[in-house]
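Undergrad: Provided below for reference: sequence and predicted model.
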Amino acid sequence: METSQGSDRRMGFSMLFGVVGLVGAVVMLVAALGDQLVLSGYGFAAAMLGATLVVAALHLYE
């Protein structure tokens, strides 16, 4: 019978980077509504980076 001890890093990093993605999306939305396109672009970049890191964390700590 094999036993292994799992790590909470997978869940923790996924939640952290998910929050980064959500904050980036909110910044993108609010900036676009305020006609601040450069800030909206930075929000989009943060959202995409957060989403990419979520996927990477899920695969890395599998």
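TA: Sure thing, it's come through.

Undergrad: going forward, measure contacts and count neighbours with C-alpha atoms only.
TA: OK.

Undergrad: show me the shaky parts of this protein.
TA: 1-6 (pLDDT under 70).

Undergrad: from residue 14, how far out is the residue positioned nearest the centre of it?
TA: In the chain, the residue lying closest to the centroid (C-alpha atoms, centre = their mean) is residue 50, at 2.5 Å. Counting by C-alpha to C-alpha, to the nearest Å, the separation of residue 50 from residue 14 is 9 Å.

Undergrad: what of residue 47?
TA: Computed with C-alpha to C-alpha, the distance linking residue 47 and residue 14 is 13 Å.

Undergrad: between the two, point out the one with more neighbours.
TA: With neighbours defined as other C-alpha atoms under 10 Å, residue 47 and residue 14 compare such that residue 47 has more, 24 against 21.

Undergrad: show me the contacts for that one.
TA: If you count contacts by C-alpha atoms under 8 Å, 6 or more residues apart in numbering, residue 47 has them with 20, 21, 22, 23, 24, 25.

Undergrad: can you tell me the element it falls in?
TA: In this structure, residue 47 is located in helix 37-60 according to DSSP states H and E.
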